[in-house]
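Asks: please find the sequence and the predicted model below.
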Amino acid sequence: MKVYYAIVHKEPESAFGVSFPDLPSVFSAADKAEDILTHAAQALRLWAEDTPLPAPSPLQALLDRADVHSALAEGAFIVRIPLIEDDTRVVRINATFETGLLRAIDETAAQHGLSRSAFLASCARKEIEAGF
C-alpha cells in the first residue's frame, strides 16, 4: 500500500485545505478536522482511478522542499494518507470470529442495509484510512 504525505492548511473562517506535494493537481477540503483524513483519502483514490501516480516521496525529501518548508512555517501541518486502490476483482476469504462478535457484526450490517462482507470492508477501509 502506498502512503502519500499531504499538507493541511487552515485559514481563519475557512475549511481545512489539503494538498499533496507529490501530486499538485490533487486537493481536498474538510469543514471539520475529523474529516480531513477521509476526504483526503477519497481525493487521492479518485485521482488514482484515472491517472498513474508517481511513487511517494520520503518525508525528509518533502521537508527539504522550499514550498513545503514555507507552508509549515505558516502553520500548515503534514498528515499521512494511505492509498487503497480500487480494484474490481473480488477475492473470497475464510475468516474466524467469536460468535458474539459475528452476531453483532451481522446485526449492525443489517441495520445499515449492508451485507456482512460490505460492512467489514467498509470498517476496514475506515480503520486503515483513520489509522494514518
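Replies: Now that the structure is in, tell me what you want to look at.
Asks: going forward, measure contacts and count neighbours with C-alpha atoms only.
Replies: Will do.
Asks: name the helix or strand for Glu49, please.
Replies: Counting by DSSP states H and E, the element that carries Glu49 is helix 36-50.
Asks: distance from that helix to the middle of the chain?
Replies: Here the centre of helix 36-50 is set off from its chain's centre by 6 Å, with C-alpha atoms, centre = their mean, to the nearest Å.
Asks: check stretch 18-36 too.
Replies: Using C-alpha atoms, centre = their mean, the offset of stretch 18-36 from its chain centre is 10 Å.
Asks: I'd like the average pLDDT over that stretch.
Replies: Averaging pLDDT along stretch 18-36 yields 93.
Asks: mind listing what the residue nearest the centre of the chain touches?
Replies: The structure's the chain has its C-alpha centroid closest to Ala41; by C-alpha atoms, centre = their mean the separation is 2.7 Å. Ala41 makes contact with Ile81, Pro82, Leu83, Glu129, according to C-alpha atoms under 8 Å, 6 or more residues apart in numbering.
Asks: what ranges does the protein have for its strands?
Replies: Using DSSP state E, the strands found in the chain span residues 2-10, 16-20, 23-30, 77-83.
Asks: and the second one, what does it pack against?
Replies: The one in question is strand 16-20. Here strand 16-20 touches strand 2-10, strand 23-30, helix 36-50, going by 3 or more C-alpha pairs under 8 Å, 6 or more residues apart in numbering; DSSP states H and E.
Asks: residues contacting that strand, please?
Replies: Strand 16-20 is contacted from outside by 4-10, 26-33, 36, 40, using C-alpha under 8 Å, 6+ apart.
Asks: by mean pLDDT, which helix or strand of this protein comes out lowest?
Replies: Lowest on mean pLDDT, DSSP states H and E among the helices and strands of the chain sits helix 116-130, with a mean of 87.
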